[in-house]
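>>> Predicted model follows, preceded by the sequence.
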Amino acid sequence: MLEKFFKLNENHTTVRTEVIGGITTFMTMAYILAVNPSLLSASGMDATAVLIATCLASFVGTLAMALLANYPFALAPGMGLNAYFAFTVCGAMGYSWQVALMAVFVEGIIFILLSLTNVREAIFNAIPSTLKKGVSAGIGLFIAFIGLQGAKITVANDSTLVSYVDFAGEWHTKGICAVLALIGLFITAILYIKGVKGSILIGIIATWVLGMIAQAAGIYVVDAEAGFYSLYPTLTFTDFSALGLTFGQCFKADFSNVSPFNFIVILLSFLFVDIFDTLGTLIGVSSKAGMLDKDDKLPRIKPALLADAIATSAGAIFGTSTTTTFVESSAGVGEGARTGLASVVTGFLFLIAIFFAPIFTAIPGFATAPALIFVGFLMVSSILQVNFEDASEAIPAYLCMIAMPMVYSISEGIALGVISYVIINVVCGKAKKITPLMYVLAVLFVCKYIFL
């Protein structure tokens with residue numbers, strides 16, 4: 001039955017590979033179960049309710065991706081969009097979280113309509129092949145940077161913006177986390193080179209176990225105020241009644257103090273970032289997995305985008321910010337996952353996480369960091385497929401790639417890539433190879449920076 005539905009042989013994979021890929025993707029994404037409630041609670045939302053909503057939205061979205069598109073892509077409330085929700089819309093702008101949820105719900109409905117047409121698919125196909133390779137490599141650098149931060153290897157610095165951790169000065173917290181992450185990275189790399197199946201997942205578990213040993217030995221010291229929690233999972237259950245505090249609240253939003261113009265601005269901001277974050281992730285992960293056809297198009301992209309749109313509106317009803325395709329899906333793809341079976345595994349793990357959330361949220365950032373750093377290596381190799389002999393192709397791909405980690409945004413990297421591709425090729429007399437939709441995208445990106 002699994003073979004018939006997911007076409008495992010056709011995609012050169014096995015049930016074992018898909019299960020391992022699904023588990024790996026979940027473990028690299030599990031941090032969202034702790035981060036999303038923490039961020040959205042700043043808007044006044046109940047943290048437990050957000051945790052349940054996060055699990056439900058991730059389950060619905062990921063299962064929709066599996067059943068509608070048969071791709072190993074997982075969905076969850078997007079990082080960046082949740083911060084915009086909490087600190088900009090509900091913070092700086094002063095709107096209620098119910099209004100913000102309604103904007104997310106409407107955004108999802110618009111996406112559903114666009115996904116049923118050819119608009120989003122046309123955007124995906126309009127992006128030149130060379131930019132797609134740049135997007136894939138850029139996402140590799142982006143998630144590697146996220147991994148370095150999660151490992152505490154890279155830390156903030158006033159003079160240089162980023163620097164490496166002070167191993168000696170913060171040895172029992174950041175220092176030991178960085179060392180354990182590096183050990184986990186070496187374990188993952190060595191196992192991968194030796195051809196061991198499940199090397200990325202083994203690396204995550206091994207790093208976590210080493211962390212628990214370090215805590216037992218007193219090398220790792222728990223400091224909850226600084227964000228360093230016990231590495232041992234606790235067996236406690238979730239208060240399901242809390243979901244009522246957010247479920248359906250988007251339909252109870254009070255718009256008496258919200259002007260139509262401001263609501264449209266909020267809506268467009270969510271819409272713009274979400275559509276290009278999603279497209280960027282689909283381009284990057286599918287490109288690296290070899291899922292694009294000979295014309296660099298993604299088969300079944302319409303149902304994939306529809307699944308993403310359904311997840312956004314469903315998540316708003318449950319009570320969470322925009323649910324989108326996660327770049328961490330590349331970790332499961334790196335383990336060999338190629339079908340929706342992996343997504344089914346990831347989705348059900350999110351559902352199970354509702355009951356045992358404290359266990360999954362105990363997975364420390366430094367344990368999943370080696371997976372992200374290593375998958376970054378796998379994805380950045382896509383830049384080798386860019387023709388560097390043609391600077392009009394290579395420079396936009398390079399700008400797209402380098403912008404993503406530097407500005408901490410997939411969508412901004414795509415924006416810079418599209419704008420530079422159009423300008424460089426028009427000025428250099430190569431306008432014939434630019435599709436009309438690329439001109440439209442470039443203008444829209446420029447307008448976004450001017451008006452939003």
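In hand now; what should we look at?
>>> Contacts only, for the spatially closest residue to residue 61 that is not a sequence neighbour.
Excluding the flanking residues, the one nearest residue 61 by Cβ to Cβ, 6 or more residues apart in numbering is residue 311, at 2.7 Å. C-beta here means a position set from N, CA and C on the backbone, and glycine is covered the same way. By Cβ atoms under 8 Å, 6 or more residues apart in numbering, residue 311 lies in contact with 57, 58, 60, 61, 62, 64, 65, 75, 108, 323, 324.
>>> Now tabulate those residues in CSV and tack on neighbour count and pLDDT.
Supplementary listing: the contacts of residue 311 in CSV, determined by neighbours: other Cβ atoms under 10 Å; pLDDT from 0 to 100:
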residue, neighbour count, pLDDT
57, 28, 97
58, 31, 97
60, 23, 97
61, 30, 96
62, 36, 97
64, 23, 96
65, 30, 96
75, 33, 95
108, 25, 93
323, 33, 94
324, 26, 90
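>>> Max pairwise distance over these: which two?
Maximum pairwise distance in the contacts of residue 311, criterion Cβ to Cβ, is 15.5 Å, between 62 and 108.
>>> how about the longest helix along the chain: buried residues?
Criterion DSSP state H: the longest helix present in the chain is helix 260-288. Buried residues in helix 260-288, counted by 16 or more other Cβ atoms under 10 Å: 263, 265-288.
>>> ditto for stretch 197-213
By 16+ other Cβ under 10 Å, the buried positions in stretch 197-213 come out as 198-208, 210-212.
>>> With respect to residue 301, which of those residues is nearest?
residue 200 (26.0 Å).
>>> Quick check: phi and psi on that closest one?
Here is the backbone geometry of residue 200 (degrees, to the nearest 10): phi -70, psi -40.
>>> same deal with residue 163?
phi -160, psi -180.
>>> how about it, what does it touch?
Applying Cβ under 8 Å, 6+ apart, the residues near residue 163 are 154, 155, 156, 157.
>>> If we use 7 Å, what do you get?
155, 157 (Cβ atoms under 7 Å, 6 or more residues apart in numbering).
>>> Strands - which of the contacts of residue 311 land there?
75, 323, 324 (DSSP state E).
>>> circling back to that earlier point, just want the angle from the next helix-or-strand element following the longest helix of the chain to helix 260-288.
Under the assignment DSSP states H and E, the closest C-terminal helix or strand after helix 260-288 is helix 301-318. Angle of helix 301-318 versus helix 260-288, following axes from the mean of the first three to the mean of the last three Cα atoms, to 10 degrees, is 130 degrees.
>>> pLDDT on helix 301-318, on average?
Taken as a whole, helix 301-318 carries a mean pLDDT of 94.
>>> Would you mark the buried spots in that helix?
301-318.
>>> Can I get that helix in PDB? Just the C-alpha atoms.
Provided in PDB are the C-alpha atoms of helix 301-318 (Å, rounded to 0.1, in the frame of the first residue of the first chain):
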ATOM      1  CA  ILE A 301       4.300  22.300  -7.300                       C
ATOM      2  CA  LYS A 302       0.600  23.300  -7.400                       C
ATOM      3  CA  PRO A 303      -0.500  20.800  -4.700                       C
ATOM      4  CA  ALA A 304       2.600  21.600  -2.700                       C
ATOM      5  CA  LEU A 305       1.800  25.300  -2.600                       C
ATOM      6  CA  LEU A 306      -1.900  24.500  -1.900                       C
ATOM      7  CA  ALA A 307      -0.800  22.400   1.200                       C
ATOM      8  CA  ASP A 308       1.300  25.400   2.400                       C
ATOM      9  CA  ALA A 309      -1.700  27.700   2.000                       C
ATOM     10  CA  ILE A 310      -4.100  25.400   3.800                       C
ATOM     11  CA  ALA A 311      -1.600  25.100   6.700                       C
ATOM     12  CA  THR A 312      -1.500  28.900   7.000                       C
ATOM     13  CA  SER A 313      -5.200  29.400   7.400                       C
ATOM     14  CA  ALA A 314      -5.600  26.300   9.600                       C
ATOM     15  CA  GLY A 315      -2.800  27.500  11.800                       C
ATOM     16  CA  ALA A 316      -4.500  30.900  12.200                       C
ATOM     17  CA  ILE A 317      -7.700  29.100  13.300                       C
ATOM     18  CA  PHE A 318      -5.800  27.000  15.800                       C
END
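>>> from the chain's centre, how far out does that helix sit?
Distance of helix 301-318 from the chain centroid (Cα atoms, centre = their mean, to the nearest Å) equals 15 Å.
>>> Same check on stretch 287-303?
Relative to the centre of its chain, stretch 287-303 is centred 19 Å away, using Cα atoms, centre = their mean.
>>> same question, stretch 167-175
Its chain's C-alpha centre and that of stretch 167-175 lie 29 Å apart, by Cα atoms, centre = their mean.
>>> Now do the strands in the stretch 101-250 of the chain.
Along the stretch 101-250 of the chain, the stretches classed as strands by DSSP state E, counting those that start in this stretch are 154-157, 161-164.
>>> helices and strands around the first one, which ones?
For strand 154-157, the contact count by 3 or more Cβ pairs under 7 Å, 6 or more residues apart in numbering; DSSP states H and E identifies strand 161-164 as packing neighbours.
>>> average pLDDT across the strand it packs on?
For strand 161-164, mean pLDDT is 88.
>>> Could you export it as CSV, CA atoms only?
Listed next in CSV are the C-alpha coordinates belonging to strand 161-164 (Å, rounded to 0.1, in the frame of the first residue of the first chain):
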residue,chain,number,x,y,z
LEU,A,161,28.3,42.0,14.8
VAL,A,162,29.2,38.4,15.2
SER,A,163,32.1,36.5,16.7
TYR,A,164,33.0,33.2,18.2
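>>> List the contacts of residue 347.
Residues counted as contacts of residue 347 (Cβ under 7 Å, 6+ apart) are 59, 62, 63, 66.
>>> Nearest spatial neighbour of the third one, chain-adjacent residues omitted?
Nearest in space to residue 63, with sequence neighbours left out and distances taken as Cβ to Cβ, 6+ apart, is residue 347 at 4.2 Å.
>>> ok, now how distant is the one you found from residue 56?
Counting by Cβ to Cβ, to the nearest Å, the gap from residue 347 to residue 56 is 10 Å.
>>> Can you tell me which of the strands of the stretch 101-250 of the chain is packed in deepest?
Compared across those, strand 154-157 shows the largest average neighbour count, a mean of 13 (mean count of other Cβ atoms under 10 Å).
>>> burial count for residue 241?
Number of residues near residue 241 (other Cβ atoms under 10 Å) recorded here: 10.
>>> Pull the number of nearby residues for the closest residue in space to residue 274 that isn't next to it in sequence.
The spatial neighbour of residue 274 that comes closest, neighbours along the chain excluded (Cβ to Cβ, 6+ apart), is residue 322 at 5.2 Å. If you count neighbours by other Cβ under 10 Å, residue 322 ends up with 31.
>>> Please name the residues that touch residue 322.
Taking Cβ under 7 Å, 6+ apart, we find residue 322 in contact with 77, 78, 81, 104, 107, 270, 274, 312, 315.
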